[in-house]
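Chemist: Predicted model and sequence below, questions to follow.
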Amino acid sequence: MPAQHTVTVVSKVTVTTPAPAGLRVFVPDAVERGVVQVLEDEYKISDVGLASCPGGQVVAPETSFFCTVRIGGRTKSVKIVVKSFDGEYEVGQPT
């Protein structure tokens with residue numbers, strides 16, 4: 001099984017009302033593009049379709065959330081682990 005990979009999305013975070021004061025949240029479509037890119041480029045998975053990630057995910061280290069992605073016509077779950085306040089996160093192996 002390949003190791004998890006880290007993707008930096010420093011410019012892909014924003015401040016929104018649902019976030020606790022002073023914290024930023026990820027822009028879902030930016031994370032979705034990052035997930036697809038890591039699965040294709042780093043995990044070398046073919047037939048990766050669209051990803052879907054929830055909104056309102058706070059940019060705070062050691063928090064996590066799940067995205068879904070279509071691979072080979074099936075829906076898979078991918079765990080995202082936030083690594084820094086700068087928007088760096090790990091993309092887990094699809095399950």
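Modeler: Nice, I can see it.

Chemist: Output the below-cut-off pLDDT ranges for the protein.
Modeler: Confidence mapping of the chain against pLDDT under 70 gives the ranges 1-21.

Chemist: what about residue 89, how many residues close to it?
Modeler: 29 (other Cβ atoms under 10 Å). (C-beta placed from N, C-alpha, C; glycine too.)

Chemist: Can you mark which positions in stretch 86-93 are buried?
Modeler: 87-92 (16 or more other Cβ atoms under 10 Å).

Chemist: And residue 46, how close does it get to residue 23?
Modeler: Using Cβ to Cβ, to the nearest Å, we find residue 46 at a distance of 37 Å from residue 23.

Chemist: Which of the two has more residues huddled nearby?
Modeler: Using other Cβ under 10 Å, the more surrounded residue of residue 46 and residue 23 is residue 23, with 14 against 8.

Chemist: could you show me where the strands are in the chain, in order?
Modeler: 5-8, 13-14, 25-26, 48-52, 64-71, 74-82, 88-91 (DSSP state E).

Chemist: got those as CSV, with distance to residue 35 columns?
Modeler: CSV is the format used below for the strands of the chain (distance: least, Cβ to Cβ, whole Å):
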stretch, distance to residue 35
strand 5-8, 8
strand 13-14, 15
strand 25-26, 11
strand 48-52, 4
strand 64-71, 5
strand 74-82, 6
strand 88-91, 6
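
Chemist: which stretch among these comes nearest residue 33?
Modeler: Counting by Cβ to Cβ, residue 33 lies closest to strand 48-52 out of those; the figure is 7.7 Å.

Chemist: Any idea how many residues pack against residue 85?
Modeler: 14.

Chemist: from memory it sits against residue 63, does it?
Modeler: No. At 10.7 Å, residue 85 does not count as touching residue 63 under the criterion of Cβ atoms under 8 Å.

Chemist: Touching, residue 50 and residue 32? I think so.
Modeler: Yes. If you go by Cβ under 8 Å, residue 50 and residue 32 touch, sitting 7.3 Å apart.
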